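A.B. asks: got a predicted model here, sequence first, then my questions.
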Amino acid sequence: MSEKLILRALKGETLPVPPIWMMRQAGRYLPEYRATRAQAGDFLSLCYNPELAAEVTLQPIRRYGFDAAILFADILLLPQALGADLWFVTGEGPRLSTITTQAEFDALKPVEAVHDTLSPVYETIRILKRDLPTDTTLIGFAGAPWTVATYMVAGRGTKDQGPAHALKAENRPVFEAIIDRLTEGTIEYLSAQVEAGAEVVKLFDSWAGSLKGQDFDDFCLTPAKRIIAELKARHPGLPIIAFPREAGDRYIGFAKATGADCVALDNSVSAQWAAANVQVDGCVQGNLASSHMVTGGEALVRETREIVEAFSKGPHIFNLGHGITPDADPENVALMIETVRAAR
Ligand code: CP3
């Protein structure tokens, strides 16, 4: 059997047509997702139900034939496994018990304990290994320490990550202890995902863009480098995608500095710029604005073609610049895939 397209791109091969998958491809824009979520009861029950989590992972593969499936779970399951309370408020998003003091940090569980909570996620992966088409790559994932810490410190999503920046300034030892515990927990979590059957892992640093200067090095780049080095030591040859979202200029050299095989790009950088400055070091993923999945039409087709063309001289995995939103039209996803696959 010939090697899967995504794995070839991650090894640095320039393919005639880029393989494609989509962030949040299992999600509320799909009626079949909404039905399975209702069956599970709520979002977290869905994450921890291996049969149903595998079912929603498979739905976009059946509907669209994407080249990769991404495990259905959430980046906030890890803080929950470390002992934080986690719940989702409908229409608003996640809520967590906050960790801002030494005493609250000390009450967290040790990293070895995370598997007690997360074992259903590994079971989801084992089901997917059995049920996915043989040419579909299975991607596991975790949040990067900084992004996960922003939720643990604030107890919710924030526009500017203010509470995490404040803790970093006011109680650096506690902030660094949180980052270290998350770095070690992420290594254990991703390593267990690989043992269960994930073929690629992706590290989501969705709030990397709010780290500037030395902070970017200390809290985005260095933890990513540690996680990647340890995963590659444990699982030689494991391909890893890093997503330091809105890193801007700091996308340059990020793969080399961290050891990532691929850098995922958000749509605040142009494909032309990224081809010249980031793809020169290896595979890139991205970066169509997810708003095109709402608006569709000629603009979607034009922008999709431009991205495929801009990245055509090097290894590229087509994706959105961020997750698809609940108001997206499933027809526009089909149009994007058709355009990518007919592009050359
Ligand atoms: O991409 C996929 O399809 C895989 C599954 C996945 C989810 N979340 C499912 C989800 C992945 C990879 C994530 C990552 C994630 N989760 C991130 C990083 C990526 C990003 O989007 O920046 C973050 C910051 C989270 C935390 C999180 N989870 C928030 C802020 C929210 C609420 C916002 C929202 O969209 O409602 C979630 C909920 C969530 N995670 C949903 C899904 C499908 C929607 C929940 C629902 O069905 O009600």
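C.D. replies: Thanks, I have the structure now.
A.B. asks: residue in the stretch 51-200 of the chain nearest to the ligand?
C.D. replies: Of the residues in the stretch 51-200 of the chain, the one nearest the ligand is G93, at a distance of 3.8 Å by C-beta to the nearest ligand atom. Bear in mind the C-beta positions are built from the backbone N, C-alpha and C, glycine included.
A.B. asks: in contact with that residue, which residues?
C.D. replies: 156-157 (C-beta atoms under 8 Å, 6 or more residues apart in numbering).
A.B. asks: go on, Q25?
C.D. replies: By C-beta under 8 Å, 6+ apart, the contact set of Q25 is 60, 64, 66, 70, 324.
A.B. asks: can you tell me the centre-most residue of this protein?
C.D. replies: Central residue of the chain (C-alpha atoms, centre = their mean): F204, 4.1 Å from the mean position.
A.B. asks: looks like that residue contacts A142 (just checking).
C.D. replies: Yes. In this structure, F204 is within contact of A142 by C-beta atoms under 8 Å, at 7.3 Å.
A.B. asks: follow-up on the earlier one: turn the contacts of Q25 into a markdown table, including secondary structure.
C.D. replies: Shown next, in a markdown table, are the contacts of Q25 (DSSP: H, G, I helix; E, B strand; the rest coil):
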| residue | secondary structure |
| --- | --- |
| P60 | helix |
| Y64 | helix |
| F66 | coil |
| I70 | strand |
| I324 | coil |
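A.B. asks: so which of those residues comes closest to A40?
C.D. replies: Nearest to A40 among those, counting by C-beta to C-beta, is P60 at 17.0 Å.
A.B. asks: pull up the residues of the protein that are close to the ligand.
C.D. replies: By C-beta under 6 Å from any ligand atom, the part of the chain that sits against the ligand consists of 23-28, 37, 43, 70, 72-76, 93-94, 141, 143, 157, 204, 206, 323.
A.B. asks: picking up where we left off before, where do the contact lists of F204 and A142 overlap?
C.D. replies: With C-beta under 8 Å, 6+ apart as the test, F204 and A142 both reach I75.
A.B. asks: and the helix or strand containing E55, what's buried?
C.D. replies: Assigned by DSSP states H and E, E55 belongs to helix 50-64. The neighbour-count check on helix 50-64 (16 or more other C-beta atoms under 10 Å) flags 50, 52-61, 64 as buried.
A.B. asks: just those residues now: which is nearest I178?
C.D. replies: Checking those against I178 with C-beta to C-beta, the nearest one is A53 at 27.2 Å.
A.B. asks: contacting residues around A242?
C.D. replies: Taking C-beta under 8 Å, 6+ apart as the test, what A242 contacts is 144, 202-203, 205, 224, 228, 254-255, 258, 260, 262-264.
A.B. asks: swap in K159?
C.D. replies: Counting by C-beta under 8 Å, 6+ apart, K159 has no contacts.
A.B. asks: can you report phi and psi for it?
C.D. replies: Per-residue torsions, K159: phi -70, psi -40 (degrees, to the nearest 10).
A.B. asks: cool, A264 as well?
C.D. replies: Torsion angles, degrees, to the nearest 10, at A264: phi -90, psi 140.
A.B. asks: can you check A40 too?
C.D. replies: Residue torsions, per degrees, to the nearest 10, at A40 are phi -70, psi -30.
A.B. asks: measure stretch 201-217 end to end?
C.D. replies: In stretch 201-217, first residue to last residue: 21 Å (C-alpha to C-alpha, to the nearest Å).
A.B. asks: that stretch: which residues count as buried?
C.D. replies: Here stretch 201-217 shows 201-211, 216 as buried, counting by 16+ other C-beta under 10 Å.
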